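Asks: A structural model of the following input is requested.
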Amino acid sequence: MGSTFPGVIAFALIAALLVAGSLLRSRLSWLRASLIPGSIVAGIIGFVGLSAGLIPGYGPSDFTALAFHFFTLSFMSLCLTGSPKPAAGEQRQGIVGGGLWLTLIWTASLGAQAVIGYGLMAGYDLITDSDLSPLLGAIVTHGFTQGPGQALTYGTIWENDYGIANAAQVGVIFASLGFVAAFLVGVPAARHFLKRGLNANRHSTLDDDFVRGFHTPETQPSAGRQVSHAGTVDSLAWHLGLLGVAYVITYAWLSAMQPLVAGNQVLSVFFSYNLFFIHGLTVCVLMRMAIDRFGWAAKVDDDTLKRITSGSVDFMVVATLMSIQIAVLSALLVPILLIAVAVTTVTFFGAMAIGKLSGRLGPERAVTAFGCCCGSTGTGLLLLRMLDADFSTSVPKELAFFNIAIIVVNIPTLFFVAPIAPSLGAWSYLAIFGGYVILMLICIPLLLKWQRSRGNRTAPIQEPNPS
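Replies: Residues are numbered from 1 along each chain as shown. Predicted coordinates:
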């Protein structure tokens, strides 16, 4: 049985680090003041431990797959969760409208980050007389806006088919730095909105429990309801079983499609296991539609699914930070940090400026979009959780729409251009990704006009009247 332990212990290490990181965050005053999630603290501890050889028998590659699957699980569980019901008299921008704003920010970021990364790496080569491929800078957009799974996908293609050394690992490093940047910048932004009461969910505040990281016995909220009798099956096991059904269906679907699309590079990428979460997300949306259509909603507890979503995000963040290889990071430290800082700055101001236009949930969308563009959608969920602790606004569901919309909108860049990017000339690559940025800027007034035509008038974020 000894051979069965490595994978289980890798998961147990992540879980144990979450405990250690959360306790440190609760005990150390400077960590409490920063409001950085315990998962980030845990991931940094794990990264340092692996880099220093303090976790014998394990390396960064042992945690890459776990990061991928927890990311997938977080969104499949979110899409199984029912739509939030608005309170009586509540006026709220529709999920489609909000999802379009998130899609616009993400798509503009995808193009801008690619251009910035490519340009800065090319400039670094000229100044230092290095011989690095500019695409090692451009892959920042796949690491930041898409996360470790997609950075690995494209990086591996570039590495194996076009000979760009370390492309996959540089992509993972950018994805990990994106997580760190999202919280170093995103947490203070979220705290700014919280302190001024600009978030819609009034249950999310900077109270003592939030700062401390743990609830007192008097303030502990419910974590969901039991929908199945324990004599038949535990309720948590039931909900994990529903996700298991979706996982099996998605795996069977991809396994059936892959032989049919073999030989077509674009379709092979789309139906690869690296894009499992897109297909799994769609399966879960269809499953939820069937659950609601046939009156089975009473057999699904949305709060339990939200806990699975949040927990999966925590595990995913730790695993991703532990996937960084210190050797590659140290060798390319200067250009990687230069690109990461530039991309984070541009992405933050872009997300805040566009999010401000999107309406009453502008703070939630701005912070969420920034997280999505500097790590993954899971990072956006973590930042959103600061402003919307129980996911009661429409923004989590907007994220579900957004995850489908960004694929549709970005089919040319993600499935035609990105896989063959090394074969393109510099100006062709920059024109394609830069063109997407310009297109998204043109779409801003069109989206505002469409909102107003539907009665969803937007207004800039205003400071609340102290009176």
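Asks: which residues of this structure fall in strands?
Replies: Ranges of strands in the chain, per DSSP state E: none exist.
Asks: the helix or strand bottoming out on mean pLDDT in it - contacts with which helices or strands?
Replies: Evaluated with mean pLDDT, DSSP states H and E, the helix-and-strand set of the chain has its lowest mean pLDDT in helix 208-212, which scores a mean of 70. Contacts defined by 3 or more C-beta pairs under 8 Å, 6 or more residues apart in numbering; DSSP states H and E place helix 208-212 against helix 29-34. Backbone N, C-alpha and C define where each C-beta goes, glycine included.
Asks: mind listing what's buried in the helix it packs on?
Replies: Within helix 29-34, the residues that qualify as buried by neighbour count (16 or more other C-beta atoms under 10 Å) are 31, 32, 34.
Asks: need the pLDDT of the last one.
Replies: Here, the pLDDT recorded for residue 34 equals 73.
Asks: quick check: closest non-adjacent residue to it.
Replies: Of all residues beyond its chain neighbours, the one nearest residue 34 is residue 187 (6.8 Å), with distances taken as C-beta to C-beta, 6 or more residues apart in numbering.
Asks: one more: the first one?
Replies: Distances taken as C-beta to C-beta, 6+ apart place residue 25 nearest to residue 31, at 4.7 Å, with adjacent residues excluded.
Asks: next, count neighbours for the one you found.
Replies: By other C-beta atoms under 10 Å, the residues close to residue 25 number 22.
Asks: what do you get for residue 281?
Replies: Every residue meeting other C-beta under 10 Å relative to residue 281 is counted, giving 23.
Asks: so what's it up against?
Replies: Contact criterion C-beta atoms under 8 Å, 6 or more residues apart in numbering gives 75, 76, 79, 400, 403, 404 as the residues in contact with residue 281.
Asks: now with 7 Å?
Replies: For residue 281, the contacting residues are 75, 76, 79, 403, taking C-beta atoms under 7 Å, 6 or more residues apart in numbering as the criterion.
Asks: and what of residue 155?
Replies: With contact set as C-beta under 7 Å, 6+ apart, residue 155 has these partners: 139, 167, 168, 170, 171.
Asks: do you know how far the third one is from residue 306?
Replies: Counting by C-beta to C-beta, to the nearest Å, the gap from residue 168 to residue 306 is 33 Å.
Asks: looking at these two, which has the bigger crowd around it?
Replies: The residue with more neighbours, out of residue 168 and residue 306, is residue 168; 23 against 20, by other C-beta under 10 Å.
Asks: what's the nearest residue to residue 418 if we skip its chain neighbours?
Replies: Using C-beta to C-beta, 6+ apart and skipping residues adjacent in sequence, the residue nearest residue 418 is residue 154, 5.2 Å away.
Asks: mind listing what the one you found touches?
Replies: 139, 142, 171, 418, 419.
Asks: for the stretch 201-350 of the chain, what are the low-confidence residue spans?
Replies: Scanning the stretch 201-350 of the chain for pLDDT under 70 picks out 202-207, 210, 265-266, 274.
Asks: would you map the helices across it?
Replies: Taking DSSP state H, counting those that start in this stretch as the criterion, the stretch 201-350 of the chain carries its helices at 208-212, 235-261, 265-270, 276-293, 302-321, 326-331, 333-355.
Asks: could you redo those as CSV and give each row distance to residue 229?
Replies: Conversion of these to CSV gives the following (distance: least, C-beta to C-beta, whole Å):
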stretch, distance to residue 229
helix 208-212, 32
helix 235-261, 9
helix 265-270, 42
helix 276-293, 19
helix 302-321, 15
helix 326-331, 50
helix 333-355, 45
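Asks: highest mean neighbour count out of those?
Replies: Between these, the one whose residues have the most neighbours on average, counting mean count of other C-beta atoms under 10 Å, is helix 302-321 (a mean of 24).
Asks: residue 62: neighbour count?
Replies: Other residues lying near residue 62 total 19 when counted by other C-beta under 10 Å.
Asks: for it, give me its contacts.
Replies: Taking C-beta under 7 Å, 6+ apart as the contact definition, residue 62 lies against residue 10.
Asks: roughly how far does the residue nearest to residue 418 sit from residue 320?
Replies: Using C-beta to C-beta, one obtains 16 Å as the distance from residue 154 to residue 320.
Asks: could you do residue 251 as well?
Replies: Counting by C-beta to C-beta, the gap from residue 251 to residue 320 is 22 Å.
Asks: same deal with residue 363?
Replies: When C-beta to C-beta is applied, the distance between residue 363 and residue 320 equals 26 Å.
Asks: and residue 3, by the same measure?
Replies: From residue 3 across to residue 320, the span is 26 Å (C-beta to C-beta).
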